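A.B. asks: what follows is a predicted protein model with its sequence.
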Amino acid sequence: MRCDNLYLWFLTDPDSPRYVGRLRLVDAGKGVSLQYGADWLASGCPLSEDLLLVDIEQLPRCNGMAVGAVDDARPDRWGERVIQHLDKPARLSIMEYLFYAGDDRFGALGVSTSDKVYIPGTRSPLPRLAHAQQLSEIVHKVSAKEPVNDIERKMLAAGGSFGGAKPKALIDIAGEQWIIKFFNNEPVDVPLIEHASMTLAKLAGINVAQTQVVPLVGEHALAVRRYDRSGGLRIHCISAGTALRAQTVAGQEPELGYPSLAQLLRRAGVADQGVNLLDMQELFHRMVFNILIDNTDDHEKNHALLVVEPTRQGRYRLAPAYDVLTTNSGQGYQEFIVGTAQRESTLANAMSQCHLFGYTAAQAAAVVVRVIKVVDGWRKHFAGCGVSAADLESLTERIDGDPLRSQRQTFNPAAYATTVRTRRRSPFAD
Ligand SMILES: Nc1ncnc2c1ncn2[C@@H]1O[C@H](COP(=O)(O)OP(=O)(O)OP(=O)(O)O)[C@@H](O)[C@H]1O
Ligand SMILES: [Mg+2]
């Protein structure tokens, strides 16, 4: 299928798809634009802050991307690999990837060949948990570029096109959609370590997506419950990168980092009952936790925002944390900006702009102390999750290696205690 025009739909209630507008291949096939349809202009909502409800063709800000929130509806790396494996055309355009991502893609957007009726690229029942072993074998075939038979193609086509780098698929667990992430021949048992890290984050008070270890023959897989589904409904979601780009003036580089995301939540989050403040503070917890467990892979697609009541006020909430795991890199810098020392993985850097997360220095320091306490117990927790002695040793080199352990040991909350202001004596006092 080659096409220069496709049609975007809004599927928060998948039983009543709403037509949004026309997608067009632009920039010599390297980008995708959006022009809202009349109905959407009259009663829809901006899909992201850079896609205002105006009757013009809206162009992507750079090559290789679809415009605004539409970019989050396309698969990246792993998803593209699956689509290429199944459909094998020499070179697919962004538009074709958008189409082949199918009905179960991330968030609530859908792509159809028609502006009258929503006809997705693929739509078939998801494999169930009982098929996890078979699914793992199929996914390994894709990784190894080996051919798949017709039955395997069908299983893969149903929800096989999610993004991210690691091999994954969608499965049905008790009527709900979960993402299943497979072992990828890493030197350590990554699925089990991801489960251990996510549950440790939960102990640290962080709101994480629910995870479940799936034992397979000779390896583990990790199932992560989708946060962009709620019963039969879908939640419009955008990645942190899309949200931060949307608020950046064209031609300027977006500031991809925790402090900017916190400020975005402050401005565009749910102000009712201070929910936005709670989200800003939650982000601070995640940043500190990621630094301390050596999760340096905290890039712009590893944070997401849920759009609450999109067609009414369209405010953002921080999605539950996902893809949180010890990356075992020890690289010493994060992918997302932390503070005044940019990406440096230090608690001092995390504390440097704590006021942008709605904390006083003393409050932020108390959070750091709480997270340190939980991370101090990482080894016991990971062992309890079944992480092997050899893997624990390997992770110890990082989490308990000098740069991170010494930061846990030397963090001094007293240094951040609020200075008590002494009242100036009135010049008129006697
Ligand atoms: N629980 C979830 N619910 C909904 N969408 C999710 C969930 N977990 C992940 N995603 C989406 O799927 C994408 C890939 O997932 P994830 O980040 O876990 O994969 P990964 O291969 O480990 O990624 P990376 O390339 O960052 O290592 C995410 O960027 C996000 O858009
Ligand atoms: Mg990821």
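C.D. replies: Received, thanks. Ligands and ions are numbered 1, 2, ... in the order given.

A.B. asks: pLDDT of the strand or helix carrying Ser33, averaged?
C.D. replies: For Ser33, the element it lies in under DSSP states H and E is strand 31-36. What strand 31-36 shows for mean pLDDT is 97.

A.B. asks: quick one: contacts of it?
C.D. replies: Residues outside strand 31-36 that contact it (C-beta atoms under 8 Å, 6 or more residues apart in numbering) are 8, 20-26, 44, 47, 51, 53-60, 62-68, 70, 94-95, 98. Just so you know, the C-beta spots here come from the backbone N, C-alpha and C atoms, and that holds for glycine as well.

A.B. asks: which ones among these are found in helices?
C.D. replies: Ile94, Met95, Leu98 (DSSP state H).

A.B. asks: between those, which has the most around it?
C.D. replies: Neighbour tally across the ones in helices among the contacts of strand 31-36 (other C-beta atoms under 10 Å): the maximum, 26 neighbours, falls on Leu98.

A.B. asks: settle this for me: that one is touching Leu6, isn't it.
C.D. replies: Yes - contact criterion C-beta atoms under 8 Å: Leu98 and Leu6 qualify, at 6.6 Å.

A.B. asks: CA atoms only for the longest strand anywhere in the chain, dumped as CSV, please.
C.D. replies: As assigned by DSSP state E, the longest strand anywhere in the chain is strand 18-26. The C-alpha trace of strand 18-26 is given here as CSV (Å, rounded to 0.1, in the frame of the first residue of the first chain):
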residue,chain,number,x,y,z
ARG,A,18,-14.8,10.7,15.6
TYR,A,19,-13.2,12.0,12.4
VAL,A,20,-10.4,14.4,13.2
GLY,A,21,-8.8,15.4,9.9
ARG,A,22,-6.6,14.6,6.9
LEU,A,23,-3.0,13.4,7.1
ARG,A,24,-0.7,14.2,4.2
LEU,A,25,2.8,13.1,3.4
VAL,A,26,5.0,16.2,3.1
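
A.B. asks: what pairs with that strand, parallel or antiparallel?
C.D. replies: strand 5-10 (antiparallel), strand 31-36 (antiparallel) (DSSP bridges).

A.B. asks: out of these, which comes closest to Leu200?
C.D. replies: strand 5-10 (36.8 Å; C-beta to C-beta).

A.B. asks: buried stuff in that closest one?
C.D. replies: By 16 or more other C-beta atoms under 10 Å, the buried positions in strand 5-10 come out as Leu6, Tyr7, Leu8, Trp9, Phe10.

A.B. asks: skipping adjacent residues, who's closest to the third one in space?
C.D. replies: Closest residue in space to Leu8, ignoring its immediate chain neighbours: Val20 at 4.2 Å, by C-beta to C-beta, 6 or more residues apart in numbering.

A.B. asks: and for the first one?
C.D. replies: Once flanking residues are discounted, Leu6 sits nearest to Leu23: 4.7 Å by C-beta to C-beta, 6+ apart.

A.B. asks: what separates the one you found from Asp71, distance-wise?
C.D. replies: Noted for Leu23: a distance of 11 Å to Asp71, by C-beta to C-beta, to the nearest Å.

A.B. asks: on that earlier part again, around the residue nearest to Leu8, count how many other residues there are.
C.D. replies: Neighbour number of Val20 under other C-beta under 10 Å is 27.

A.B. asks: what's the answer for the one 5 residues further on, then?
C.D. replies: The burial count assigned to Leu25 is 21, neighbours taken as other C-beta under 10 Å.
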